[in-house]
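**Q** this is a predicted model, with the sequence first.
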Amino acid sequence: MSERVALVTGAGAGVGRAVALRMARERTVGTVLVNDINGESADRVAGEVAKLGARGIAATADVTSWDAVVDLVDRHGPVDVLVNNAGVPLVGSDPLPFVATQPPQWEPWLMLNLQAVMHCTRAVLPGMLERRGGRVITVVSDAARVGEAGLAVYSAAKAGAAGFMRAVAREAGPAGITCNCVALGTIKHGRVAEFITADLERKMVRAYPLSRLGTPDDAAGMIVFLAGADADWITGQTYPVNGGFSMAV
């Protein structure tokens, strides 16, 4: 069992939960800090991690708050693996053309999809630099790579997070720290699954050569790989896990 400590944000459900459980199951780390803004969700997943043989710690905090993130890392760190997974779900409102939006509507997308990534990365980096090693993996979206009509601010925030990771990869690489992104297509889980009707899903999968939407486990495989020893010489990259929704050389 590795003695490393992983912090997985937004791990109370969906992709974050799948990452936490896979890390425990595969012995990628010895301790998983299960972050979620919902304390009950964090407690539940921390218990699931413990049943798989790793140490699971509920780390309830709002990652859009710098003070809350610093307190979390001070209490539970040092952190060897950071997975920036928390993000605003794409449900609950109809997509709007950017010209129809106003700055107050932009703030939630920017705070959780970009600024929270910066908060968490900044909080764990000093310890990683001191120990000369670490992993930072940020979950972005295919919207960051190809753009998504009606979701301009979300696309911008996710693209910004990917650019931020590339910059930090260059700065922190000499200390043996790797920084990468995983760009997801539509993952069917939680509130997203509740929103997608059978008819809507049939229409959506036409854009996917593999003829299905993703699952949290589809995403977790790549994320946990990037956290492991086999990814020692990979940094500054964005890996699409998207069922073929977008393709590039």
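**A** Now that the structure is in, tell me what you want to look at.

**Q** contacts, neighbours, all on C-alpha from now
**A** Noted.

**Q** centre-most residue in the chain?
**A** residue 85 (1.9 Å; CA atoms, centre = their mean).

**Q** what distance do you get for that residue to residue 55?
**A** Using CA to CA, to the nearest Å, we find residue 85 at a distance of 20 Å from residue 55.

**Q** can you check residue 237 too?
**A** Residue 237 is 30 Å from residue 55, by CA to CA.

**Q** and for residue 97?
**A** Plainly put, residue 97 is 45 Å away from residue 55 if you go by CA to CA.

**Q** compare the two and say which is more crowded by neighbours.
**A** More crowded of residue 97 and residue 55, by other CA atoms under 10 Å: residue 55, with 19 against 12.

**Q** lowest-confidence helix or strand of the chain?
**A** helix 190-195 (a mean of 70; mean pLDDT, DSSP states H and E).

**Q** contacting residues around the following helix or strand past that helix?
**A** As assigned by DSSP states H and E, the chain's next helix or strand after helix 190-195 is helix 198-204. Applying CA atoms under 8 Å, 6 or more residues apart in numbering, the contact partners of helix 198-204 are residue 213.

**Q** pLDDT on helix 198-204, on average?
**A** Average pLDDT, helix 198-204: 85.

**Q** residue 21 versus residue 161, what's the distance?
**A** Distance, residue 161 to residue 21, using CA to CA: 25 Å.

**Q** and if you look at residue 240?
**A** 21 Å.

**Q** next one, pLDDT for residue 92 please.
**A** 51.

**Q** what's the answer for residue 169, then?
**A** Predicted confidence (pLDDT) for residue 169: 98.

**Q** buried stuff in stretch 32-39?
**A** Of all the residues in stretch 32-39, those buried under the rule 16 or more other CA atoms under 10 Å are 32-38.

**Q** please apply the same query to stretch 218-226.
**A** Residues of stretch 218-226 classed as buried: 218-220, 222-224, 226 (neighbour count, 16+ other CA under 10 Å).
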